[in-house]
Structure formats: structure tokens, C-alpha cells
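K.L.:
Provided below for reference: sequence and predicted model.
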Amino acid sequence: MRRRSFIKKTVLSSFTALISAEIVFGSKMLDGYTPLALQDPDPFKMFNKNKEMIILNDKPWNIEAQAHLLDDKITPNSSMFIRNNGTTPEEINPETWTLTIDGESVENKKTYTLSDLKSKFKHHTYQLTLECGGNGRSEFDPPAKGNQWTYGAVHCASWTGVRLRDVLEDAKMGRRYIPGSWIDNISPNAMIRGVNNNNTEIFRTVSFGIKKLLNLADKYYYSGTQGLIFLPLKTRIAISIASGVYRQIGIQLKLKNYCWYNGRQVTSNITKAKVTFFKIIEEFVRNKNQKNHDPELHKFLKEIIVSE
């Protein structure tokens, strides 16, 4: 038995004896899980971080970088922010670790070992920016609950590995991003066969479902814009541009009469530039007197789907 595991179990037993009661779910703790009370008290040593990093929370650990630590073209590990919702499992065995591709869009469940992923697929290296959705929360008005990030919950690192896209294609995952009940539960493979066989009934049924989905999406896009005024200008502009570019995909599909079977929709660089320009102008002149949200959109999406 490893020393840390032994200490953890010993301390848990001591806690139980001290309070004269069983620790709830104490016997169900995951292997490798370390209670917060037993974690190393020095996060800079534990995570090998620059001592100028700022600790926002220690239960669990959430740590951000000061702005000057992000000057490097590629952010070093010592300056990368830490965002946790719980403690990280320890002592993971790479020899037994597996990834399973499963779910409603998968016809045949498939499992990969770490060795499979490393040897079976081409490796790619990308320099990508990763940012916590709460970055800048300390400046929100009205204030928002949660860790009060300033600007340090972001980094630009170089990542090497296999693409999820390649793994999903290998698993022959049939993906259908539309509720089955809206298209008579036509399976992904049936949709593909329908395209190959020029099945007009499938074309019509799926097109109707896509139209319904895009109309619902437009309600959420509009509702989301009503809350942008409460965000800092830079954050507002970034979110507005991203939503505009993604919404453009649906707009193009509408203009083509929802003909989903004619190939993937691609937004050109010229169109992206136009959307970006108009979204920037839009945010600079946005009126604070926004309309109220549609109360129907506060329901769970599942409820909305059932009700329509």
C-alpha cells in the first residue's frame, strides 16, 4: 500500500473515531482521491507554478496568472492557470487507462487504451489559446458569483496529440445534431443512405427538423444578446463576433432552403470579416434598455422540445 493511501485511510479512520460517526460515503471515495484536508498546503510546489501566480480558491485549487506572466509567445507550464471543480485523481495508471466512445449516436461502442491512441492515429501539434469562461468576472456589473478572475485565466500553449475528430471517425460514430423526435427518429446511417439513394422523403423530413431547430436557435441567439450589455466591452465584442459567425452557418442553410444534403456549410473569410465588422459596430452602439428575456427560454431545452 502506498504511503499517501495509507495516511489517507488512517486519517479518515481517526476522523470517524473523533466524531463517533461514519463519514458519509467515506468507503466510496475514488482510488487516488485525496481529501482537501490532506492536500499539500503549498500549491506552488504541488503544481510547480510561478510564485507570482494568484490563488483565488484552495477548495478546490483555482489559480490565475498575473498579466506580466503571459508575455511569452508560448505560455510556460509554470504560468498556466488552474481551473478545478474538484480535486484531481492521483496515481492514474497509464497502462490500464482507457477511453470509451459511447452514446446515442454510436452504433458500436469502442474502447481505446492510451497506447492505441498514441500508435494508431497521426499526431498533430497546435498552438491554441485556452480561456476560462469566467475570465474577467471580477469586473462584471452586476457582480457574478464564483471565482473572481481578473485577466489571468487564459494561456496560449503548444499542444501535441491526436484529434478527437480522427478518433470519432475511426469509431464510425454516426453524429446527428438534431432531436430524433423531430425527424421521425431517422438514424444517422439512414440519413446517409437517403442521400446516396436520393430519398426525397428523408430530405423533406430532415429539412423540416433543421428548420425547427434553427428557428429555436435564433430565439436563443436573440435572448443571449440582451445580456451582453452587462459584460465588459472587450468580452462583449468577442462573444458577439463568435455568436455572429456561428449563426451565419444557419443563415446560409436557410438561404439554401435547408438543403442539408448538398454538403457541409462553410463560412468564407470574407463573410467572417463582414460579420466581425458589423458586430463591433453593434456593440459600440448597443442600447442598455434591452427587452426582457423570453420566459419560455428559461425552461430546460428538453421541456421546450416536448412542448413544441
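P.N.:
Yes, it's here. Bear in mind that the values here come from a model prediction, so they are computed numbers and not experimental data.

K.L.:
alpha carbons only for contacts and neighbour counts from here, please
P.N.:
Fine.

K.L.:
if I look at the nearest residue to K172 once chain neighbours are set aside, how far off is G227?
P.N.:
Leaving out its chain neighbours, the residue that sits closest to K172 by Cα to Cα, 6 or more residues apart in numbering is V106, at 7.7 Å. Noted for V106: a distance of 36 Å to G227, by Cα to Cα, to the nearest Å.

K.L.:
Let's verify the closest residue to G134 other than its chain neighbours: helix, strand, or coil?
P.N.:
Ranked by Cα to Cα, 6+ apart and with sequence neighbours excluded, the top spatial neighbour of G134 is W149, at 6.6 Å. Taken by DSSP: H, G, I helix; E, B strand; the rest coil, the conformation at W149 corresponds to coil.

K.L.:
how near is the residue nearest to K172 to I202?
P.N.:
In terms of Cα to Cα, V106 sits 21 Å off from I202.

K.L.:
contacting residues for S78?
P.N.:
Counting by Cα atoms under 8 Å, 6 or more residues apart in numbering, S78 touches N48, K49, N50.

K.L.:
residue boundaries of the strands in the protein?
P.N.:
With strands called from DSSP state E, the chain shows them at 54-58, 61-64, 98-101, 110-113, 124-131, 154-161.

K.L.:
other SSEs contacting the fifth one?
P.N.:
I take that to be strand 124-131. Packing contacts for strand 124-131, counted by 3 or more Cα pairs under 8 Å, 6 or more residues apart in numbering; DSSP states H and E, involve strand 154-161.

K.L.:
Going by neighbour count, list what's buried in the strand it packs on.
P.N.:
V154, H155, C156, A157 (16 or more other Cα atoms under 10 Å).

K.L.:
isn't the third one right next to T75, touching?
P.N.:
Yes - contact status for C156 versus T75: in contact at 5.4 Å, counting by Cα atoms under 8 Å.

K.L.:
Type out the ChimeraX command that picks the buried ones from the contacts of S78.
P.N.:
Selecting only the buried entries of the contacts of S78 in ChimeraX, with 16+ other Cα under 10 Å as the criterion:
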select :49,50
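
K.L.:
And the contacts of S78, which is closest to W61?
P.N.:
For those, the residue nearest W61 by Cα to Cα is K49; the value is 12.2 Å.

K.L.:
Tell me how far the spatially closest residue to that closest one that is not a sequence neighbour lies from S158.
P.N.:
Computed as Cα to Cα, 6+ apart, the closest residue to K49 that is not its neighbour in sequence is S78, at 4.2 Å. For S78, the distance to S158 equals 14 Å [Cα to Cα].

K.L.:
Same check on N262?
P.N.:
Look at N262 and S158: by Cα to Cα, they are 36 Å apart.

K.L.:
Of the strands of the chain, which stretch is the most buried?
P.N.:
A comparison of these by mean neighbour count, using mean count of other Cα atoms under 10 Å, puts strand 61-64 on top with a mean of 22.

K.L.:
ok, the closest residue to T225 other than its chain neighbours - contacts?
P.N.:
Using Cα to Cα, 6+ apart and skipping the chain neighbours, the partner closest in space to T225 is S240 (7.5 Å). By Cα under 8 Å, 6+ apart, S240 lies in contact with T225, L228, K279, I280, E283.

K.L.:
In helices only, show me those residues.
P.N.:
Mapping these onto helices (DSSP state H) picks out T225, K279, I280, E283.

K.L.:
quick revisit: could the strands of the chain go into JSON lines alongside distance to D294 and mean pLDDT?
P.N.:
Converted to JSON lines, the strands of the chain look like this (distance: least, Cα to Cα, whole Å; pLDDT from 0 to 100):
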{"stretch": "strand 54-58", "distance to D294": "35", "mean pLDDT": "92"}
{"stretch": "strand 61-64", "distance to D294": "35", "mean pLDDT": "94"}
{"stretch": "strand 98-101", "distance to D294": "37", "mean pLDDT": "92"}
{"stretch": "strand 110-113", "distance to D294": "42", "mean pLDDT": "92"}
{"stretch": "strand 124-131", "distance to D294": "29", "mean pLDDT": "93"}
{"stretch": "strand 154-161", "distance to D294": "33", "mean pLDDT": "94"}
